[in-house]
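Chemist: let's see this in three dimensions:
(chains A and B, ligands or ions: 1)
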Amino acid sequence: MEEGSAFVGIADPRDPREIRDLSAAFKRPSPIELPQTLEGDEEHVPGVLTTTLDKIINFGATVSYWPLLFGLACCAIEMMACAGPRWDISRFGMEAMRASPRQADGMIVAGWVSLKMAPRVIRLYEQIPDPKWVLVMGSCATSGNIWDTYNIVQGVDALLPVDVYVPGCPPRPEALWQGLEMIRKRIREGKHGYDGMHTIPIRAAMGE
Amino acid sequence: MAQAKSIDELSAVHKQVASVLQSKFGRKFAESSTFRGELTYVVAPEDWHAVLEFCRDTEELQFDRLDCLCGNHFPEREEAPFEVIANLVSIPNTTRVRVKTRLSEDQSLPTVTDLWPSAGFDERETWEMYGIGFEGNPNLTRLLTVPDFNGFPLRKDFPLQGTVGGRIRWDFKGEI
Ligand code: SF4
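Modeler: As a prediction, this is how the structure comes out:
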């Protein structure tokens, strides 16, 4: 090593006396020499991918589907399990459950919807920006389940356009996971529950 | 070795509560019973407010907390099918007492919101679910059911199944 040159070193933990010279790793990177190597090559233009804007946006959405942080009844416990470390939907970019509908990409309706809750569910749905996908979790939200009673909405599809139904009471986290995979498939294909509708079912029923 | 205490035996503080209440209202209690160390008294609807006020304000009792107030329906009891139950807790004395009253259809009770403001929600729910009126409650409106709901769902003769009058009855206009 020359006297007075810049020296960057690190102590090797295995042998404290040995100091390795790492200055080469901190050297300024050399300019890329692509223009020279590609001169005259018409066919191979690296770094360019032809696609449509829709496809690339949908691809991004499949790996960052953020559901609304929203549980209505016992099914929400399984949804939480799914978000926890054992089933860990954060592997697919879904763990960020947004507490604000304005930041969400859709909702998981987990549990029965009472008549008093229904207007709030609709309001939350309508505040989610398009495009949005709705997963209905459990028999209660799908059809009312055993609560064929005075205060429960007999199926959320009477209120909202639904993308995926997950049956079960409650569905196991694996089932919810499969439902979310189906949502991802629909995102990739660019399909939505509200395709072909002028307005959401409850507004249509109210004549709006 | 000392004999294990029976769970049905009243503790010393509860014996004290029983003696105070018996000496004050002895003849007015329609029924009194103990179950697993808990005291229960049945009073007439006219004495409802007076008994609860006595429980709260007497030096020896000090039932400063209304644990819950709820209703019940016994259709087989012809004259007095309804029941209102108040569970009181004394935090300084660590005692509990349960006071009940029996009501006929359309009979109402005086409110106890002047004693415990928390009774407001309990009375509201009891009215909503059983149709038992509470005179003087400042806000007897529907809480859990929709505003145009018809009937009292926890009465035993309310239909168990079926949305009464269609799939979604509530008009959502102005709500969503
Ligand atoms: S489907 Fe079952 S677990 Fe899910 S909300 Fe209904 S009753 Fe609860």
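
Chemist: the longest helix along chain A - contacts with which helices or strands?
Modeler: Among the elements of chain A assigned as helix by DSSP state H, the one spanning the most residues is helix A:173-189. Based on contacts counted as 3 or more C-beta pairs under 8 Å, 6 or more residues apart in numbering or on different chains; DSSP states H and E, the elements that helix A:173-189 packs against are helix A:53-62, helix A:75-83, strand A:133-137, strand A:164-166. Glycine gets a C-beta too; all of them are placed from N, C-alpha and C.

Chemist: repeat that with 10 Å
Modeler: Secondary structure elements in contact with helix A:173-189, counted by 3 or more C-beta pairs under 10 Å, 6 or more residues apart in numbering or on different chains; DSSP states H and E, are helix A:53-62, helix A:75-83, strand A:106-110, strand A:133-137, strand A:164-166.

Chemist: so A:G190 sits against A:K55, correct?
Modeler: Yes - judged on C-beta atoms under 10 Å, A:G190 makes contact with A:K55 at a distance of 8.3 Å.

Chemist: one step back: and the longest helix of chain A, how far out from the chain's middle?
Modeler: For helix A:173-189, the separation from the chain centroid amounts to 10 Å (computed by C-alpha atoms, centre = their mean, to the nearest Å).

Chemist: please apply the same query to stretch A:146-153.
Modeler: On C-alpha atoms, centre = their mean, the centre of stretch A:146-153 falls 32 Å from that of its chain.

Chemist: is it anywhere near chain B?
Modeler: Yes - on the criterion C-beta under 10 Å from any C-beta of the partner chain, stretch A:146-153 is in touch with chain B at A:I146, A:W147, A:D148, A:T149, A:Y150, A:N151, A:I152, A:V153.

Chemist: helices of chain B, start to end?
Modeler: Listed from the start of the chain, chain B has helices (DSSP H) covering B:12-25, B:48-57, B:119-130.

Chemist: of the ones you listed, flag the one that's most buried.
Modeler: Mean neighbour counts were taken over those using mean count of other C-beta atoms under 10 Å in any protein chain shown, and the top value, a mean of 21, falls to helix B:119-130.

Chemist: quick check: closest non-adjacent residue to A:P119.
Modeler: With C-beta to C-beta, 6 or more residues apart in numbering or on different chains as the criterion, A:P119 has its nearest non-adjacent residue at 4.1 Å, and that residue is B:E175.

Chemist: measure that neighbour to A:M206 for me?
Modeler: B:E175 sits 10 Å away from A:M206 when distances are taken as C-beta to C-beta, to the nearest Å.

Chemist: check contacts around the residue of chain B found nearest chain A.
Modeler: Each residue of chain B has a distance to chain A, by C-beta to the nearest C-beta, and the smallest belongs to B:E175, at 4.1 Å. Counting by C-beta atoms under 10 Å, 6 or more residues apart in numbering or on different chains, B:E175 makes contact with A:K116, A:A118, A:P119, A:R120, A:I122, A:R123, B:V146, B:P147.
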